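Trainee: Here's my sequence, what's the structure:
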Amino acid sequence: MPITLLLDLDDTLLDTNMEAFVPAYFGALSNALMDIVAPDVMLPALMGGTKRMMQSEDPAHTLREVFDAYFFPKLNQDRAMLNERISRFYDDIFPTLSYVTRPRPEAVKFVEWAFAAGHRVCVATNPYFPLKAVHHRMRWAGLAPEKYPFALVSAYEKFHFTKETGAYFIEFLGQLGWPEGPVVMVGNDLNMDLIPAQRAGLSVFWMREGKDESLAEIPQGTFEDLRQWLEACDLQALHPKIERPEAILAALYATPATIDTLTASLPADIWGRKPAPGEWNLAEIMCHLRDVEAEVNLPRLQKILAEENPFLPGVNSDPWAAERKYAEQDGRAALREFTETRKITIRLLNGEQALWYRGARHAIFGPSTLRDVFSIAAGHDKAHIQQMYKTI
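Mentor: All right, here's what the predicted structure looks like:
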């Protein structure tokens, strides 16, 4: 059974002395722009934009959009000209920073084994950088994207969340089309790579020399240990589990973000194309998600929060596609409307943990909790992301 492997980059695939790399990167970018932007203006703008990315929980805006909205207004320069200069920096100067890093031959050996074994291999680096910068760092690691067919590499152009939020990991799976089967996040940073991934319902492996016996429940060790663990463990146990409130909430955040990325570059006419007779096109799927969120998920949530053990009637929403003529509607507009309603749902769910265990009587599933209801909603999201991915 193929495993989806999410491999961290810095200090996992590549030895990166962050204490040396970050000042070298900031200094190089500052020097490259100092003829048009003073360093004491550029550096705070760069750090401020990075902080905004770390804090962002907006599924409607990519991290690049979040960064740019803060960064460029601080510099008071022509944005097109600055973009061109920064692009040239990543082409010509950024590659010279490889001296503060060191490849890990054992990482290359593991990646080659994983591909040969038929696994789905991804680079799950924190998406603070543009894709071309991530590709340079992969080359420094001896894992050039031109040579190795990585299924997905995270970068700030197409991701809406950083690793600080569990939504990053679910968004990652969504951009892969929500593959069925085992998934493992592999990283060196307990607080950045592993704990957020676990909260999102993923299995993890801690890349480190030696063992931390105080955290013996977390699989850990070298790349050779990782290979042996993957070959020996029960793969069924590595399937994502979107069951705990943190994981469900991460999935709810990730759905509109994922769809935004999957559909961002599609021509308008693609939304109306049916993949086969009798199947929904993208606009129909999106309108379905929009109306289910507004007329099923959100009202059920409000009812559970307002009443003691309310009855939740069943809803057959499939006929709405024909009745409401979804195929003739604007799919992009439906995505915007879905996202705004989903934000309201998330705000209401972001309360006390006890809210997740409020009871209800579901017409189909019987006695349920709010957690049960939104675990079903997250599964519904997953099924339609898979459907959209296959349709695209």
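
Trainee: Now the longest helix along the chain: buried residues?
Mentor: Looking across the chain with DSSP state H, the single longest helix is helix 370-391. By 16 or more other Cβ atoms under 10 Å, the buried positions in helix 370-391 come out as 370-378, 380-382, 384-385, 387-389, 391. For every residue, glycine as well, the C-beta is placed using N, CA and C.

Trainee: Please apply the same query to stretch 211-224.
Mentor: Applying 16+ other Cβ under 10 Å to stretch 211-224 flags 218-221, 223 as buried.

Trainee: quick revisit: can you work out which other helices and strands pack against the longest helix of the chain?
Mentor: In terms of contacts (3 or more Cβ pairs under 8 Å, 6 or more residues apart in numbering; DSSP states H and E), helix 370-391 is packed against helix 245-263, helix 282-292, helix 298-306, strand 359-362.

Trainee: Run through the residues that contact the nearest residue to residue 374 once chain neighbours are set aside.
Mentor: Nearest residue to residue 374 in three dimensions, chain neighbours excluded: residue 248, at 5.1 Å (Cβ to Cβ, 6 or more residues apart in numbering). Counting by Cβ atoms under 8 Å, 6 or more residues apart in numbering, residue 248 makes contact with 242, 371, 374-375, 377-378.

Trainee: ok, now residue 246?
Mentor: 166, 199-200.

Trainee: Can you give me the distance of it to residue 378?
Mentor: 12 Å (Cβ to Cβ, to the nearest Å).

Trainee: what does residue 241 give?
Mentor: For residue 241 relative to residue 378 (Cβ to Cβ), the value is 11 Å.

Trainee: Please enumerate the shared neighbours of the two.
Mentor: Common neighbours of residue 241 and residue 378 (Cβ under 8 Å, 6+ apart) are residue 247.

Trainee: Make TSV from the helices and strands packed on helix 370-391 and add mean pLDDT and distance to residue 67 to it.
Mentor: Below are the helices and strands packed on helix 370-391 laid out as TSV (pLDDT from 0 to 100; distance: least, Cβ to Cβ, whole Å):
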stretch	mean pLDDT	distance to residue 67
helix 245-263	97	16
helix 282-292	98	27
helix 298-306	96	31
strand 359-362	96	41
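
Trainee: Format those as CSV; extra columns: distance to residue 150.
Mentor: Formatted as CSV, the helices and strands packed on helix 370-391 follow (distance: least, Cβ to Cβ, whole Å):
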stretch, distance to residue 150
helix 245-263, 17
helix 282-292, 26
helix 298-306, 38
strand 359-362, 42
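
Trainee: Tell me which stretches of the stretch 151-300 of the chain form strands.
Mentor: Along the stretch 151-300 of the chain, the stretches classed as strands by DSSP state E, counting those that start in this stretch are 183-187, 203-207, 220-221.

Trainee: and among the ones you listed, the most buried is which?
Mentor: Most buried of those, by mean neighbour count (mean count of other Cβ atoms under 10 Å): strand 183-187, with a mean of 25.

Trainee: Which residues outside that strand are in contact with it?
Mentor: Outside strand 183-187, the residues within contact range by Cβ under 8 Å, 6+ apart are 3-8, 12, 124, 169, 173, 193-194, 197, 202-207, 226, 230, 238-240.

Trainee: Show me the domain layout of this structure.
Mentor: 1-241, 245-391 (automatic domain parsing).

Trainee: Next, report how far stretch 153-173 is displaced from the centre of its chain.
Mentor: A distance of 3 Å separates the centroid of the chain from that of stretch 153-173, by Cα atoms, centre = their mean, to the nearest Å.

Trainee: any residues in contact with both of residue 246 and residue 378?
Mentor: Joint contacts of residue 246 and residue 378 (Cβ under 8 Å, 6+ apart) do not exist.

Trainee: Now that we have the contacts of strand 183-187, which of them are buried?
Mentor: Judged by 16+ other Cβ under 10 Å, buried ones among these: 3-8, 12, 124, 169, 173, 193-194, 197, 202-207, 226, 230, 238, 240.

Trainee: mind listing which of those residues are in helices?
Mentor: 169, 173, 197, 226, 230.

Trainee: from what I can see the third one touches residue 204, true?
Mentor: Yes. Here residue 197 reaches residue 204: they are 5.2 Å apart, a contact under Cβ atoms under 8 Å.

Trainee: before we move on, back to that, can I get the contacts of residue 246 in a markdown table with distance to residue 155?
Mentor: Below are those laid out as a markdown table (distance: Cβ to Cβ, whole Å):
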| residue | distance to residue 155 |
| --- | --- |
| 166 | 19 |
| 199 | 23 |
| 200 | 19 |
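
Trainee: how about those residues in TSV, adding distance to residue 137 and pLDDT?
Mentor: TSV is the format used below for the contacts of residue 246 (distance: Cβ to Cβ, whole Å; pLDDT from 0 to 100):
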residue	distance to residue 137	pLDDT
166	24	89
199	26	96
200	24	97
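
Trainee: For those residues, which single residue is the most surrounded?
Mentor: Per-residue neighbour counts (other Cβ atoms under 10 Å) across the contacts of residue 246 peak at residue 200, which has 31 neighbours.
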